[in-house]
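Asks: coordinates only, sequence not included:
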DNA sequence: CACACCCGTTGACCCAAGTCAACCAACATA
DNA sequence: TATGTTGGTTGACTTGGGTCAACGGGTGTG
């Protein structure tokens, strides 16, 4: 637990039209004309240091955030201190959608490494969505994707065994690294075993053991946060026909 | 598993402005002027018989649905047949938001009893959102609420013990019945123990045992689907300070 | 109105994952 | 370069919830 983040805004306006993350981010699928108008929407960037919060549960909701560099986790806390990590977010992904419903955030967003986000004022987004056809549609798709993703996590948590959960997690990470132009088979995780465990509804020891098991079975090679997928098909098979599962 | 639903549209247009569910439904918070315009948006109603699907995973996405009467469950299926119930929906709640992202539905929606929905064509909704200020905002709030709700379920599934999950479930049901003008302490569940179990990531036997345990402890009184909450505060306490939890 | 089937309950037993503990490796800080 | 601290691994043991099985009651269908 670290101190609250000192808000770090640098004056630089970010141009969506020149950002290499368009393919992954809010502007996806919009026309060039629309894209250029979007540049007005995106305000300043904000830097968030590792372990610092982008926002906290209870904070008033003013903006959503597009990750420009780095990565985050979101979590919810119970009164008694139990933590549930609800997601890990990478570049191009949108943070803060949870805040719209009650006009205040319902979870915490914490940077897993030194990161930078584009701040998108929500009232401006609302207004501009009235004007730009493609923006509204794309924004709805982003929210809908989040809902679908969450259903997938419920599937993980509700119906899979420990090793299946970790396999699904690794394949998901691989797929998202690939979409960002990184290797599908080799990457560095940014989160701890405990954070993975919280996300997957497992204790950190169980996560660690599953990693070791996968290594023994020649499915992956792990060394701390560095992971190499040696047999992605094997991992997929593990999810599909593991029987006797709950 | 039953046959696919024969689409049952009756010609009656539904007037949001005259519906007693406004408080709970999409039109919430909109002005009277806006509300009257909304009547154009909502197309026909559709009846869905118990056990029949409103839509299935893979169906092309065309509309979202507001529940006018009855209730539903949504679920996702794994290749090997495992089912995960992702939610239970009651009157005034919106179904189908999962379909926006890929333009096809990603889960199944099944009626738990004979039910009726208002069909809201998505392209019309998009178009009208450009024109009606309050509609866009409200629609975003509905989607955001769904995301927040899903995070709550992840908390359940990832960090709570069996009895805590059931207690949280019962309190949630109670709260939603209350919002609909029904008793907070006495209601009939529409779903089976197996469906509750799937939703909570438990086996039906465990759900049944937890019900019995609660009854022994004087927290509730159960008889089949009929539930009476005798000590809601006790149920709340159970969630908050149950220690030794995972 | 009868009958089958589905649903819910309960018991006995088992196992996957949690708990507790020791230890080691990385990495940050002085 | 030393040194404290955090993160990860592994082992031994425990346990909450899953599994399997038997049974009884409700209810929707013919």
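Replies: Nice, thanks for sending it over. Worth saying up front: this structure is predicted, and the values here are computed from it rather than measured.

Asks: what about the helices in chain A?
Replies: Using DSSP state H, the helices of chain A run over A:32-41, A:122-131, A:133-159, A:162-179, A:193-200, A:204-216, A:232-240.

Asks: any idea how far the second one is from the chain center?
Replies: With Cα atoms, centre = their mean, to the nearest Å as the basis, helix A:122-131 stands 24 Å off its chain's centre.

Asks: circling back to that earlier point, same list as before, the helices of chain A that is, but in JSON lines and with mean pLDDT, mean neighbour count and distance to chain B included.
Replies: Glycine gets a C-beta too; all of them are placed from N, C-alpha and C. Putting these into JSON lines (pLDDT from 0 to 100; neighbours: other Cβ atoms under 10 Å in any protein chain shown; distance: least, Cβ to the nearest Cβ, whole Å) gives the following:
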{"stretch": "helix A:32-41", "mean pLDDT": "89", "mean neighbour count": "15", "distance to chain B": "14"}
{"stretch": "helix A:122-131", "mean pLDDT": "94", "mean neighbour count": "16", "distance to chain B": "5"}
{"stretch": "helix A:133-159", "mean pLDDT": "97", "mean neighbour count": "21", "distance to chain B": "4"}
{"stretch": "helix A:162-179", "mean pLDDT": "98", "mean neighbour count": "19", "distance to chain B": "10"}
{"stretch": "helix A:193-200", "mean pLDDT": "98", "mean neighbour count": "22", "distance to chain B": "7"}
{"stretch": "helix A:204-216", "mean pLDDT": "98", "mean neighbour count": "17", "distance to chain B": "10"}
{"stretch": "helix A:232-240", "mean pLDDT": "95", "mean neighbour count": "16", "distance to chain B": "5"}
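
Asks: so can I have a markdown table of those showing distance to residue B:58?
Replies: Output for the helices of chain A, formatted as a markdown table (distance: least, Cβ to Cβ, whole Å):
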| stretch | distance to residue B:58 |
| --- | --- |
| helix A:32-41 | 30 |
| helix A:122-131 | 29 |
| helix A:133-159 | 13 |
| helix A:162-179 | 20 |
| helix A:193-200 | 27 |
| helix A:204-216 | 31 |
| helix A:232-240 | 18 |
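
Asks: Quick one, which of these gets closest to residue B:192.
Replies: Judged by Cβ to Cβ, the one of the helices of chain A that comes nearest to residue B:192 is helix A:133-159, at 15.9 Å.

Asks: Could you check how far that closest one is from the centre of its chain?
Replies: 12 Å.

Asks: angle of that helix against helix A:122-131?
Replies: Per axes from the mean of the first three to the mean of the last three Cα atoms, to 10 degrees, the angle that helix A:133-159 makes with helix A:122-131 is 120 degrees.

Asks: and the residue sitting nearest the centre point of chain A, what are its bridge partners?
Replies: Nearest to the mean C-alpha position of chain A, by Cα atoms, centre = their mean, lies residue A:89 at 1.5 Å. Following DSSP bridges, residue A:89 is listed with bridge partners residue A:72.

Asks: How much space separates it from residue A:206?
Replies: 24 Å (Cβ to Cβ, to the nearest Å).

Asks: again with residue A:178
Replies: Taking Cβ to Cβ, one finds residue A:178 at 27 Å from residue A:206.

Asks: same check, this time on residue A:184
Replies: Distance from residue A:184 to residue A:206, by Cβ to Cβ: 26 Å.

Asks: Residue A:68 too?
Replies: Relative to residue A:206, and taking Cβ to Cβ, residue A:68 is found at 34 Å.

Asks: which ones are touching the nearest residue to residue A:202 once chain neighbours are set aside?
Replies: The shortest distance from residue A:202 to any non-neighbouring residue, by Cβ to Cβ, 6 or more residues apart in numbering or on different chains, is to residue A:162 (5.5 Å). Residue A:162 sits next to A:200, A:202, A:206, A:210 when contact means Cβ atoms under 8 Å, 6 or more residues apart in numbering or on different chains.

Asks: at 7 Å instead, please
Replies: Listed by Cβ atoms under 7 Å, 6 or more residues apart in numbering or on different chains, the contact partners of residue A:162 are A:202, A:206, A:210.

Asks: Also near DNA strand C: which of these, exactly?
Replies: A:202, A:206 (Cβ under 7 Å from any atom of the strand).

Asks: Nearest to residue B:151, out of the contacts of residue A:162: which one, please.
Replies: Using Cβ to Cβ, the contacts of residue A:162 come closest to residue B:151 at residue A:202, 18.0 Å.

Asks: since we're on that closest one, how many residues are nearby?
Replies: 24 (other Cβ atoms under 10 Å in any protein chain shown).

Asks: how far away is it from residue B:128?
Replies: Taking Cβ to Cβ as the criterion, residue A:202 is separated from residue B:128 by 45 Å.

Asks: so who does the residue lying closest to residue A:156 once chain neighbours are set aside touch?
Replies: For residue A:156, ignoring the flanking residues on the chain, the nearest one in space by Cβ to Cβ, 6+ apart is residue A:165 at 5.1 Å. By Cβ under 7 Å, 6+ apart, the contact set of residue A:165 is A:156, A:200, A:202.

Asks: pretty sure the second one is touching residue A:169, no?
Replies: It refers to residue A:200. Yes. With contacts counted by Cβ atoms under 7 Å, residue A:200 reaches residue A:169, the gap being 6.1 Å.

Asks: Is it correct that residue A:21 is in contact with residue A:92?
Replies: Yes. Taking Cβ under 7 Å as the definition, residue A:21 is a contact partner of residue A:92 at 4.3 Å.

Asks: so who does residue A:151 touch?
Replies: Residue A:151 neighbours (Cβ under 7 Å, 6+ apart): B:76, B:86, B:98, B:106, B:107.

Asks: Within reach of DNA strand D, which of the residues you listed are there?
Replies: Applying Cβ under 7 Å from any atom of the strand to the contacts of residue A:151, none is adjacent to DNA strand D.

Asks: how about the residues of chain A near DNA strand C?
Replies: A:161, A:162, A:163, A:201, A:202, A:203, A:205, A:206, A:223, A:224, A:244.

Asks: Domain ranges for chain A, per the record?
Replies: A:9-154, A:160-240 (automatic domain parsing).

Asks: and of those, who's closest to residue B:16?
Replies: Checking the domains of chain A against residue B:16 by Cβ to Cβ gives domain A:9-154 as the closest, at 20.2 Å.

Asks: How far does the closest one sit from its chain's centre?
Replies: Worked out by Cα atoms, centre = their mean, domain A:9-154 lies 10 Å from the chain centre.

Asks: Next one, pLDDT for the residue nearest to residue A:199 when sequence neighbours are not counted please.
Replies: Residue nearest to residue A:199 in three dimensions, not counting chain neighbours: residue A:85, with 4.0 Å by Cβ to Cβ, 6+ apart. Looking at residue A:85, its pLDDT is 98.

Asks: and residue A:85, how many neighbours?
Replies: By the measure other Cβ under 10 Å, the count of residues near residue A:85 is 25.
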